[in-house]
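A.B. asks: I'll drop the sequence and a predicted model, then ask my questions.
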Amino acid sequence: MKLTEDQLTEWGRRIGAEVAPPVFIGLKGPLGAGKSVFARAVARGAGVEAVLPSPTFNFFFRYPVPGRFPVIHADLFRIGSVPELAEIGWDEILAETAIVLTEWPCRAEGELPPDRWEVDLRIPDDAPERRTAGVERFGDPGHLPRYPVVLG
């Protein structure tokens, strides 16, 4: 099954509204696959009302949510090595009771939390206006609302 951007956004909003922090969601996929679109939808579902720019050049943004837990949106695309994670406060990010959405989690190598979700978004060759999503669970990351897609 392939998702439109609206369907991907709807799923992201549902996740943001339903997950119980702390939760870490790694967002994988090629450039243009919808990682930022999905992260923004999760943040909106969690109650973030602020403008949500891409964190590519800032590495991460932290959004407080009144009466709830914060949302942290990180982008590790520009991280050149694992030691650079300390410079951006990676350990502090992971220690927060928050919804942590991280694009390009592969750049963190062995510094990812053992309990996490990873969402892999892809652009199908036969339908470039849609996305497929695969979800992988590591450890015991808590509940993630069911996703409407099967990667196949």
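C.D. replies: It's in.

A.B. asks: Helix or strand: which one has Phe24?
C.D. replies: Phe24 is part of strand 23-28 when elements are defined by DSSP states H and E.

A.B. asks: ok, then the element right after that strand?
C.D. replies: The helix or strand immediately downstream of strand 23-28 is helix 35-46, counting by DSSP H and E.

A.B. asks: what's the angle between that following helix and strand 23-28?
C.D. replies: Put simply, helix 35-46 runs at 160 degrees to strand 23-28, going by axes from the mean of the first three to the mean of the last three CA atoms, to 10 degrees.

A.B. asks: Tell me where this structure has strands.
C.D. replies: All strands of the chain, identified by DSSP state E, fall at 23-28, 60-63, 71-75, 99-103, 116-122, 132-138.

A.B. asks: Partner strands of the fourth one and their direction?
C.D. replies: It stands for strand 99-103. Here strand 99-103 is paired, per DSSP bridges, with strand 23-28 (parallel), strand 71-75 (parallel).

A.B. asks: Could you say which of the ones you listed is packed most deeply?
C.D. replies: Mean neighbours per residue, mean count of other CB atoms under 10 Å, is largest over the strands paired with strand 99-103 for strand 71-75, with a mean of 25. All C-beta atoms are positioned from the backbone trio N, CA, C, and that covers glycine.

A.B. asks: what about dumping the CA coordinates of it to CSV?
C.D. replies: What follows is strand 71-75, C-alpha atoms only, in CSV (Å, rounded to 0.1, in the frame of the first residue of the first chain):
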residue,chain,number,x,y,z
VAL,A,71,8.9,17.5,21.2
ILE,A,72,12.5,17.4,19.9
HIS,A,73,13.1,17.3,16.2
ALA,A,74,16.7,16.5,15.3
ASP,A,75,18.4,16.1,11.9
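
A.B. asks: Sounds good, over and out.
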